[in-house]
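S.K.: I'll drop the sequence and a predicted model, then ask my questions.
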Amino acid sequence: MKENLIFIGMPAVGKSTVGIVVAKRLGMNFIDSDLLIQEQEGKLLREIIAEVGDDGFLKIENQVNRDIQCENAVISPGGSVIYCEEAMEHFKEIGKIVYLKASYQTIKKRIRNPKKRGVVLKEGQTLKNLYDERVGYFEKYADITIDEDGCQIEETIDNVIRVVEGEA
Ligand SMILES: Nc1ncnc2c1ncn2[C@@H]1O[C@H](COP(=O)(O)OP(=O)(O)OP(=O)(O)O)[C@@H](O)[C@H]1O
Ligand SMILES: O=C(O)C1=C[C@@H](O)[C@@H](O)[C@H](O)C1
Ligand SMILES: [Mg+2]
């Protein structure tokens, strides 16, 4: 069985956009967990968060990701999946976890309005607080880390493929 690749990292780091191209170039399937969540719930992510709150959203996110059964696929979950313990345990079992790493400055430039993007921010929490809180989780779960600061998206894709193929 060819194992899966699971991308983690801050929102807007490129899990989805990098993920789909990596999948195509490596002859793998592609799963975007956010789309699975929207399909299951029949609503947009921000509508789900508005209805059930952050904790309710994380429960759904945990269930959807925990239940993914696949092989030879790139999986791109949302940035908040690292709070979903069962889902992360499942990912550890079914594949290699790739952390797309970018500095706070890079992320800040890409996300103008975190709430509108559906980022799971607690009351009063800033994007900087969130960044600092999540880094520890990303480092804990990562099997492979790809630093994308100063890279164009094509370079990030090439770097992921080089490292993944080097490990195969
Ligand atoms: N070097 C780079 N690597 C990755 N993405 C880049 C880069 N430079 C610019 N981008 C842009 O940043 C955005 C990344 O958005 P994307 O939706 O893929 O992030 P994500 O990690 O899937 O976020 P989310 O957690 O919200 O699902 C895209 O618009 C992409 O074109
Ligand atoms: O990083 C986050 O907090 C999120 C990112 C999105 O992809 C979605 O999964 C959701 O809106 C939460
Ligand atoms: Mg995404």
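M.R.: Done, it's in. Residues are numbered from 1 along each chain as shown. Ligands and ions are numbered 1, 2, ... in the order given.

S.K.: Now Tyr131: closest residue in space that isn't a chain neighbour?
M.R.: Tyr104 (4.7 Å; Cβ to Cβ, 6 or more residues apart in numbering). (C-beta placed from N, C-alpha, C; glycine too.)

S.K.: Would you confirm that the one you found contacts Lys128?
M.R.: Yes. Here Tyr104 reaches Lys128: they are 6.1 Å apart, a contact under Cβ atoms under 8 Å.

S.K.: Between the two, which is the more surrounded one?
M.R.: Comparing Tyr104 with Lys128 by other Cβ atoms under 10 Å, the one with more neighbours is Tyr104, at 14 against 11.

S.K.: ok, the closest residue to ligand 3 within the chain - how many residues close by?
M.R.: Going by Cβ to the ion, ligand 3 is nearest to Ser16 of the chain, at 3.3 Å. Counted by other Cβ under 10 Å, the residues lying close to Ser16 total 18.

S.K.: in which helix or strand would I find it?
M.R.: Secondary structure from DSSP states H and E places Ser16 in helix 15-26.

S.K.: Ok, Ile97 next?
M.R.: Assigned by DSSP H and E, Ile97 belongs to strand 95-101.

S.K.: Counting neighbours, what do you get for Leu115?
M.R.: Quick fix: residue 115 is Lys, not Leu. 11.

S.K.: In space, what's closest to it - neighbours in sequence excluded?
M.R.: Nearest to Lys115 is Leu121, by Cβ to Cβ, 6+ apart, at 6.6 Å.
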